[in-house]
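1. I would like to see how this sequence folds:
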Amino acid sequence: MIRFRNKMDNSSPDWQTAIIFGKINQYYFTGTMQDGMLLIPRNDESVFYVRRSYERAIDESLFPRIMQMESFRDAAQTIGKLSDTIFLETEIVPLALLQRFQKYFPFTCTKSLDMQIAWTRALKSSYEISIMERSGEIHKRILEELVPAILKEGISEFEFTMKLYSLMVKEGHQGVVRFSMFDTEMGIGQIGFGENSLYPTNFNGPGGNRGLSPAVPFLGSAERRLKKGDLVFVDIGCAVEGYHTDKTMTYAFGKSQPKEVVESHKQCVEIQDKIAELLKPGTIPSEIYENIMSNLNNGFLENFMGFGNRKVKFLGHGIGLTIDEIPVIAQGFDEPLQEGYAMALEPKKGIKGVGMVGIENTFLVTPRGGKCITGNHPGLILVK
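-> Numbering: from 1, shown residues only. Model prediction:
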């Protein structure tokens, strides 16, 4: 809370009132995930108003002030008038919710606090890191050791995904993967056999997947079945107690992939390792991006970080309570890295007729460079 208030002071010196409605951000500040609002006045103690469930909030949270409300009307009776300008999560608060709130708390202007919270969350405590390391161990075991046993000729993408999900939960995954990107559904990640890993999606990532149907464009196709010679692409999130790791593994089913595919994959792994070496406090993410991209030849850049015209303009991203956090290894991110940041690095390349090769792992920023917490297997595991 102190770090958040300091960021608000630095970015908006005249701020008076911040309100957090989002459940993930409420969990970050209070340790419980309820239906309510967290009121943060500039010059007074913060109060967590809870509609449902107040009893659970009291049971789970150590937050100093938790008050019960049936509606915003109840809160208004104890809060009184707020400032004319309210800072809130403009990326996720629906207009209807804002209008209901404004009925009891008249104000004239809203401003965003999304980036202030995002940068506060970017710096992980030792407690948060310890949880992410547990997730990373689960991630490593599943993708590097257990997945090959469930890849069988004739299995559909959907069947494989369901077996994978069951395995993940059994190993300790919390069962849900969360994104900060608005209105994003993913299931457990992107999974594709062969060219299905190149199929266009609405998700802002280099990989693709066909999914069950236009209504459910994830979880894997029920028609596409695994056959000898397929490249299997598995890009999944794993999480423990809210905190995520991100990892991608590829598998060569039945026989090795052609030499040019193997070479492209190896170059992606080399790029990951080069970026990891640079994940030190003080390094600038945008400079890492420019450094890596400027040293790749035009031939490799074709279909690098995507396929066709569907390429993304980053090489990695922050991760924590959601998969997609800041900072990002991309242009425009000029704030230096700090020890305690967690980053997912994901250099990948689409290959026509084959699928998406490459790798992804989650790293911690340390003075010695990136420390991988999701395993060090280079991928393209041969499954016979």
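
2. Only C-alpha atoms from now on, for both contacts and neighbour counts.
-> Fine.

3. Buried ones in the helix or strand where residue 78 lies, by neighbour count?
-> Using DSSP states H and E, residue 78 maps to helix 72-79. The neighbour-count check on helix 72-79 (16 or more other Cα atoms under 10 Å) flags 72, 75-76 as buried.

4. Distance to residue 348 and pLDDT for those - can I get that in CSV?
-> Listed next are those as CSV, based on distance: Cα to Cα, whole Å; pLDDT from 0 to 100:
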residue, distance to residue 348, pLDDT
72, 48, 95
75, 50, 94
76, 51, 94
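
5. Mind putting the residues you listed into a markdown table with distance to residue 130?
-> What follows is the buried residues of helix 72-79, written out as a markdown table (distance: Cα to Cα, whole Å):
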| residue | distance to residue 130 |
| --- | --- |
| 72 | 37 |
| 75 | 37 |
| 76 | 40 |
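
6. Closest one to residue 302 out of those, please.
-> Among the buried residues of helix 72-79, residue 72 lies closest to residue 302 (Cα to Cα), at 53.6 Å.

7. pLDDT on stretch 26-43, on average?
-> The average pLDDT within stretch 26-43 is 97.

8. Check residue 228 and give its pLDDT.
-> So, for residue 228, pLDDT stands at 97.

9. which residues touch the nearest residue to it once chain neighbours are set aside?
-> Closest residue to residue 228 apart from its sequence neighbours, by Cα to Cα, 6 or more residues apart in numbering: residue 254 at 4.7 Å. With contact taken as Cα atoms under 8 Å, 6 or more residues apart in numbering, residue 254 is in contact with 227-230, 382-384.

10. Out of these, who's the most crowded?
-> residue 230 (22 neighbours; other Cα atoms under 10 Å).

11. Now residue 348. Its backbone dihedrals?
-> Backbone torsions of residue 348, given as degrees, to the nearest 10, read phi -140, psi 160.

12. Spell out, range by range, the helices that occur in the chain.
-> 2-11, 23-30, 54-60, 72-79, 95-104, 114-122, 126-140, 157-171, 259-277, 285-294, 298-301 (DSSP state H).

13. how does the protein divide up, domain by domain?
-> What automatic domain parsing lists as the domains of the chain is 2-120, 124-383.

14. Same list (the helices of the chain) but as a markdown table, adding distance to residue 357.
-> Shown next, in a markdown table, are those (distance: least, Cα to Cα, whole Å):
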| stretch | distance to residue 357 |
| --- | --- |
| helix 2-11 | 39 |
| helix 23-30 | 32 |
| helix 54-60 | 43 |
| helix 72-79 | 51 |
| helix 95-104 | 41 |
| helix 114-122 | 29 |
| helix 126-140 | 18 |
| helix 157-171 | 17 |
| helix 259-277 | 5 |
| helix 285-294 | 18 |
| helix 298-301 | 12 |
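
15. who wins for proximity to residue 362 among those?
-> helix 126-140 (7.6 Å).

16. Against which helices or strands is that closest one packed?
-> Where contact means 3 or more Cα pairs under 8 Å, 6 or more residues apart in numbering; DSSP states H and E, helix 126-140 is packed against strand 231-240, strand 243-253.

17. which strands and helices sit next to the last one?
-> The elements that strand 243-253 packs onto, with contact taken as 3+ Cα pairs under 8 Å, 6+ apart, are helix 126-140, strand 231-240, strand 342-345, strand 355-358, strand 361-364, strand 381-383.

18. among the ones you listed, which is nearest residue 180?
-> Nearest of the helices and strands packed on strand 243-253 (Cα to Cα): strand 231-240, 13.6 Å.

19. what angle separates the closest one from helix 259-277?
-> 30 degrees (axes from the mean of the first three to the mean of the last three Cα atoms, to 10 degrees).

20. Just the pLDDT at the one residue sitting closest to the centre of the chain, thanks.
-> Nearest to the geometric centre of the chain sits residue 323, at 0.8 Å (Cα atoms, centre = their mean). On pLDDT, residue 323 comes in at 97.

21. Can you tell me which of the helices and strands packed on helix 126-140 is nearest to residue 350?
-> In terms of Cα to Cα, the element of the helices and strands packed on helix 126-140 nearest to residue 350 is strand 231-240, at 10.9 Å.

22. contact partners of the closest one?
-> Contacts of strand 231-240 (Cα under 8 Å, 6+ apart): 131-132, 134-136, 138-139, 168, 172-177, 188-194, 197, 244-253, 257, 323, 354-357, 360.
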